[in-house]
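[1] here are the coordinates; sequence isn't available:
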């Protein structure tokens, strides 16, 4: 499954000493991903392995379900944010491909 979406870049507020940035996948897409998950392949914290592309940057990571919204969140590492000019409050246009479904 491949998901294309846009989302606002935000800083994780739970730890003010950290520079963890994320973008939320839309709720309907998150629900589709959740429904596709095989319980036998369950990973820690409900994470799902994915391949991601934003602009010219591509990498492998995991998305995680947010306890607050129920949507999956995509972590944005610093190298990608810098390469793609993504700042807090900016819009990320991402393509996410599920690896383990």
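    Done, it's in. For clarity, every value in this text was computed on a predicted model and none was experimentally measured.
[2] contacts and neighbour counts: CA atoms only from here.
    Noted.
[3] Next secondary structure after the helix or strand bottoming out on mean pLDDT in the chain?
    Among the helices and strands of the chain, helix 27-36 carries the lowest confidence by mean pLDDT, DSSP states H and E, at a mean of 88. Tracing the chain past helix 27-36, the next element assigned as helix or strand by DSSP states H and E is strand 48-54.
[4] Strand partners (parallel or antiparallel) of that following strand?
    Each strand that strand 48-54 pairs with, and the sense of that pairing, follows from DSSP bridges: strand 57-65 (antiparallel), strand 91-98 (antiparallel).
[5] quick one: contacts of the last one?
    So the one you mean is strand 91-98. Under the contact criterion Cα atoms under 8 Å, 6 or more residues apart in numbering, strand 91-98 has outside partners 1-9, 23, 48-55, 86.
[6] try stretch 19-32
    Stretch 19-32 is contacted by residues 3, 5-12, 70-77, 88, 92 when judged by Cα under 8 Å, 6+ apart.
[7] could you flag which of these are buried?
    Buried members of the contacts of stretch 19-32, scored by 16 or more other Cα atoms under 10 Å, are 7-11, 70-76, 92.
[8] Just those: which are in strands?
    Residues from these lying in strands, with DSSP state E as the criterion: 7, 8, 10, 11, 72, 73, 74, 75, 76, 92.
[9] List the contacts of the fourth one.
    The one in question is residue 11. Contact analysis of residue 11 by Cα under 8 Å, 6+ apart lists 19, 20, 21, 22, 88.
[10] Tell me where the protein is predicted with low confidence.
    14-18, 38-44, 101 (pLDDT under 70).
[11] Across the sheet, point out what pairs with the residue most central in space within it.
    Geometric centre of the chain, nearest residue: residue 74, 1.4 Å, by Cα atoms, centre = their mean. Applying DSSP bridges to residue 74 yields these beta-bridge partners: residue 23.
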